[in-house]
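> turn this into a model:
(3 chains)
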Amino acid sequence: MPELPEVEVTRQGIAEPLAGARVLAIRMGKPLRWPLGIDLHALAGAVVGAAARRGKYIWLPISRPPAEAGGLLLHLGMSGSLAWMAGVAPPAGAHDHFDLVTDRGTLRLNDPRRFGAVLWSPALDQDPAATLLARLGAEPFDTDLTAERFHAALRRRRAPIKGVLLAGDVVVGAGNIYACEALFAAGIHPLLRADHVSRPRAARLLEAVRNTLARALALGGSTLRDFSDAHGMAGTYQQQAQVYGRAGEPCRRCPATVRRRVLAQRATYFCPGCQKR
DNA sequence: CGGGACGCCTGTGAGC
DNA sequence: TGCTCACAGGCGTCCC
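Model (predicted):
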């Protein structure tokens, strides 16, 4: 579910209430993708730092002198969301699988499908975090990611451009919704081979990825079914989607009809009129 | 090595 | 009404 905008909106919602909060307890529900990797009681008394984000991962640094510091790496998977609850939290529901109880309130992960993860790592550049983050491409808003570098990276890939965006090893953040939307904005057919994207089109695509993610972020992300930010607010980007989820409906820019086809196991939406190979 | 399929898990909506 | 099936925002792992 959550792509970069949803994750970033979530991070923004938890950063302030959590910074400086003291951990009282951790509660786990059903198993998530991986084991937590630290004893449940080991963090009692520890202090949470400033929440950060890398790709679709959230990093919560935690200091716990005299024991060594570390942090929790969180991922929302397909159906996860975090909620910040000031004061005493209500009882956990069937899909509440992680609570970080602090002296200020509780951070709760709700994740029906349990593809999400919460795991302890001594640092971002140490395992297990390091291995998970090693495969990630550039942050989309990193100014080091120039059009030239983006184009050079695409030229090394023969897979369809949509698949390369989704893989996240060139640029992170665009999942299935925003990859479709960015390709539409750039006028590029999702099946076009990445190494066939011209230099000017690569520049357009990079801009489209950035604009699409920034716009979604400003709108609080997309809420297709049940995503909400840390304060329970739904996103509204989905109402502005140009192609995602609009198969059979008219294109908003040309007379053609939006189409859906499956590419690398994922539904892919595009306008055959606006998006060219 | 790059690329694609698989599997993880549960809920929902469509169709019968 | 109730069942079955396809599908859903991600991604690590395995196999070619």
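> which positions in the stretch 101-250 of chain A make contact with DNA strand C?
A:113, A:115, A:132, A:135, A:166, A:168, A:175-177, A:221-227, A:235 (Cβ under 7 Å from any atom of the strand). Every residue, glycine included, has its C-beta placed from N, CA and C.
> near DNA strand B, which of these show up?
Contacts with DNA strand B are made by A:113, A:115, A:225 out of these, judged by Cβ under 7 Å from any atom of the strand.
> shouldn't the first one be within a helix?
No - the assignment for A:Arg113 by DSSP: H, G, I helix; E, B strand; the rest coil gives coil, which leaves it out of any helix.
> which residues does it contact?
A:Arg113 makes contact with A:77-79, according to Cβ atoms under 8 Å, 6 or more residues apart in numbering.
> swap in 10 Å and give it another go.
A:1, A:77-80, A:95 (Cβ atoms under 10 Å, 6 or more residues apart in numbering).
> out of these, who's the most crowded?
Highest neighbour count within these, by other Cβ atoms under 10 Å: A:Gly80, with 29 neighbours.
> per-residue confidence for it?
Looking at A:Gly80, its pLDDT is 96.
> state the distance from it to DNA strand C.
9 Å (Cβ to the nearest atom of the strand, to the nearest Å).
> if we can go back for a sec, secondary structure added to the contacts of A:Arg113, as CSV?
Output for those, formatted as CSV (three-state DSSP):
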residue, secondary structure
A:Met1, coil
A:Gly77, coil
A:Met78, coil
A:Ser79, coil
A:Gly80, coil
A:His95, coil
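> between the residues you listed, which is closest to A:Arg104?
Distances from A:Arg104 to the contacts of A:Arg113, taken as Cβ to Cβ, are shortest for A:Gly80 (21.8 Å).
> isn't the closest one up against A:Tyr57?
No - counting by Cβ atoms under 10 Å, A:Gly80 does not reach A:Tyr57; the two are 11.7 Å apart.
> any residues in contact with both of those two?
A:7, A:74, A:117.
> if you rank the residues you listed by neighbours, which is first?
Highest neighbour count within the shared contacts of A:Gly80 and A:Tyr57, by other Cβ under 10 Å: A:Leu74, with 28 neighbours.
> the strand or helix carrying it and DNA strand C in contact?
Applying DSSP states H and E as the criterion places A:Leu74 in strand A:70-75. Yes - applying Cβ under 7 Å from any atom of the strand, one finds strand A:70-75 in contact with DNA strand C at A:His75.
> paired strands for that strand, with orientation please.
In the sheet, strand A:70-75 lines up against strand A:57-63 (antiparallel), strand A:117-121 (antiparallel) (DSSP bridges).
> which residues does A:Thr212 contact?
A:3-5, A:140, A:173-174, A:177-186, A:237, A:241-242.
> from those, which land in helices?
A:4-5, A:177-186 (DSSP state H).
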